[in-house]
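Enquirer: Give me a 3D structure for the following:
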Amino acid sequence: MSSGNIKILSGQENHTLAKRISDKLGLPLEPCHVAKFANQETAVEIGVSVRGEDVFIVGCGSGEVNDNLMEMLIMINACKYASAQRITAILPIYPYARQDKKDKSRAPITAKLVANMLTVAGADHIITMDLHASQIQGFFDVPVDNLYAEPAIIQYIMENFPNLADTVVVSPDAGGAKRVTSIAEQLGAAFALIHKERKKANEVASMTLVGHVAGKRAILVDDIADTCGTLCMAAQKLADQGAEDVTAIVTHGLFSRDAIKKLNDTPALTRIVVTNTCPLGDKLERCSKLQIIDIAGILSEAIRRTHNGESVSYLFNYVPH
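Expert: As a prediction, this is how the structure comes out:
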């Protein structure tokens, strides 16, 4: 791809993914210096001219979320005041996506606040993947492309589960039922659902399995794995119900707190497959069950199509080669 008037920038946290994206596009990852003052304020200096350029900034909505979000906002604003023609914020995982509704008295809608902040900073376009709630797109007054990991997940399952007749795709909660039924239908596999009741956030009280998994290979599919309590409980529930093998496939692997220890201590869960939307650092070394689906190709193709004014809807159903 010709560099033309396109520039790829990256924050610190997701630099590895940004480099994979730029390599696939055949473009350099432009220099950008990010530092902190003594009082922890973030300072950003863009190392090249972006005047009149189509700028794509790869950020991160995981890890030190608040620092990474502020870094993204400052980078967007720096490019805006440097007269960039268009600024696209690439957030493989959208920060605060789980705070998308007023579900109790005096609760904020922080996902909407983040949308406002990105827009005010100067973002003209947002590219993200597997939003926790697709309605978040409506929080923006600028275009949002919510890409799907589903085609890549289906490709992984077809390559690694040759006998789909003995496979059942499982949703660990009611919220993911639509995603999982779509995958099961496309694969021609069986479907099951786990209903869970929560006492409070990140703590599941009980689980009930709806469907049959005895003698089958179970695939748990979810969008976010955070503390992994639900994932581990669901895997154990499936094993107790007679599943021969349990694999978890998750788009965003946050793995907060002692999540890696939980995964290692759950023998029922034989594999955890995640995309590289979130940097994993040393977690791959600490958990031998982890495997990666690379989504750099999907994001790089989205950038190419956006820059050339082409439709990105192709990516909703196919994995670019």
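
Enquirer: Just give the number of residues close to D100.
Expert: Burial of D100 is recorded as 19 neighbouring residues (other C-beta atoms under 10 Å). The C-beta positions use only the backbone N, C-alpha and C, and glycine is treated the same way.

Enquirer: show me what contacts the residue nearest to E13 when sequence neighbours are not counted?
Expert: Distances taken as C-beta to C-beta, 6 or more residues apart in numbering put C60 closest to E13, at 3.8 Å, once the chain neighbours are dropped. Contacts for C60 (C-beta atoms under 8 Å, 6 or more residues apart in numbering) come out as 11, 13-14, 68, 72, 91-93, 278-279.

Enquirer: how close does C60 sit to I136?
Expert: Separation of C60 from I136 (C-beta to C-beta, to the nearest Å) stands at 17 Å.

Enquirer: Stretch 116-127 spans what distance, first to last residue?
Expert: This stretch, stretch 116-127, spans 15 Å end to end (C-alpha to C-alpha, to the nearest Å).

Enquirer: Helices along the protein, start to end?
Expert: 15-25, 65-81, 110-121, 150-160, 177-187, 229-240, 259-264, 283-286, 296-308 (DSSP state H).

Enquirer: can I see the domain layout of this structure?
Expert: The chain breaks down by automatic domain parsing into domains covering 6-149+296-316, 150-293.

Enquirer: and those, which one is worst for confidence?
Expert: Comparing mean pLDDT across the domains of the chain, the lowest value falls on domain 150-293: a mean of 93.

Enquirer: The contacts of C60 in strands, which ones?
Expert: With strands taken from DSSP state E, the overlap with the contacts of C60 comprises L91.

Enquirer: Switch the contacts of C60 over to CSV; also include distance to I21.
Expert: CSV is the format used below for those (distance: C-beta to C-beta, whole Å):
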residue, distance to I21
G11, 13
E13, 14
N14, 10
N68, 17
M72, 15
L91, 13
P92, 10
I93, 15
C278, 15
P279, 13
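
Enquirer: on that earlier part again, relative to C32, which of the helices of the chain is closest?
Expert: C32 sits nearest to helix 65-81 of all these, at 6.9 Å, using C-beta to C-beta.

Enquirer: In terms of secondary structure, what does the closest one contact?
Expert: Packing contacts for helix 65-81, counted by 3 or more C-beta pairs under 8 Å, 6 or more residues apart in numbering; DSSP states H and E, involve strand 32-36, strand 42-46, strand 54-58, strand 86-91, helix 110-121.

Enquirer: ok, and for it, which residues are buried?
Expert: Buried residues in helix 65-81, defined by neighbour count with 16 or more other C-beta atoms under 10 Å: 65, 67-80.

Enquirer: so how far is it from its chain's centroid?
Expert: Counting by C-alpha atoms, centre = their mean, to the nearest Å, helix 65-81 is centred 19 Å from the centre of its parent chain.

Enquirer: the inter-axis angle of it versus strand 54-58?
Expert: Interaxial angle, helix 65-81 versus strand 54-58 (axes from the mean of the first three to the mean of the last three C-alpha atoms, to 10 degrees): 170 degrees.

Enquirer: which residues touch helix 65-81?
Expert: So helix 65-81 is contacted by 9, 11-13, 32, 34, 42-46, 50, 55, 57, 59-62, 87, 89, 91, 95-96, 114, 117-118, 121-123 (C-beta under 8 Å, 6+ apart).

Enquirer: Drop anything exposed from those residues.
Expert: By neighbour count, with 16+ other C-beta under 10 Å, the contacts of helix 65-81 hold 9, 11-13, 32, 34, 42, 44, 46, 50, 55, 57, 59-62, 87, 89, 91, 95-96, 114, 117-118, 121-123 as buried.

Enquirer: which residue packs closest to G211, ignoring adjacent ones?
Expert: In space, G211 is closest to A192, 2.7 Å off (C-beta to C-beta, 6+ apart).

Enquirer: Name whatever forms a beta bridge with the one you found.
Expert: On the basis of DSSP bridges, A192 is bridged to V170.

Enquirer: ok, it - contacts?
Expert: 168-171, 209-213, 218.
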